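> Got a predicted model here, sequence first, then my questions.
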Amino acid sequence: MISQEYLHERFDYFNGELYWKVVYSNRLKVGDLAGDSDGTGYRRIMMGKKHYKMHRLIWIMHNGDIPENLIVDHIDRNRKNNKIENLRVVSKSLNNVNRDSKGYSWDAARKKWRAQASVDNVTITLGRFNTEDEARQAYEDFTTNRFK
């Protein structure tokens, strides 16, 4: 795995992006934004013959190695927001809580907004609310506080 020291030697970090500090190619210049898009919304950087996702490199650069069986999650679900304060290390199952659904929906039968989350394939109902904002807030509070 890439070391924290190696990343500090090769890159400068600014506002969620990595910039080349040292280059080994005529196509690159010191100070250029590193990497490109992988087509799925993530930025990636080629080093040697391997691509590395930028958010993982930023995490390592700031915090050291990523513990085994954990992944780097974008808290706001925006794959382009690689600011260090938007990244956290979580298990795959906890990352899935933050992944696909927005965590709240309209319950037509009860005429209320329902907030819910899935943890380890178990659905947890967080409550029913009068407004969409209240349901969204309940879901965000649950995911932010539970999985810090």
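Received it, and whenever you're ready, just let me know what you need.
> List the beta-bridge partners for the nearest residue to residue 38 once chain neighbours are set aside.
Leaving aside its sequence neighbours, residue 38 sits nearest to residue 44 (C-beta to C-beta, 6 or more residues apart in numbering; 4.6 Å). Every residue, glycine included, has its C-beta placed from N, CA and C. Beta bridges link residue 44 to residue 36, residue 53 when assigned by DSSP bridges.
> Residue 20 too?
With DSSP bridges as the criterion, residue 20 is bridged to residue 11.
> Just read off the phi/psi values of residue 90.
Dihedral pair for residue 90: phi -140, psi 170, per degrees, to the nearest 10.
> Please apply the same query to residue 6.
With angles defined as degrees, to the nearest 10, residue 6 sits at phi -60, psi -40.
> about what we covered before: just give the number of residues close to the residue nearest to residue 38.
20 (other C-beta atoms under 10 Å).
> That one reaches residue 51, doesn't it?
Yes. Between residue 44 and residue 51 there is a contact at 4.5 Å, judged by C-beta atoms under 8 Å.
> What does the pLDDT read for the residue nearest to residue 38?
pLDDT for residue 44: 96.
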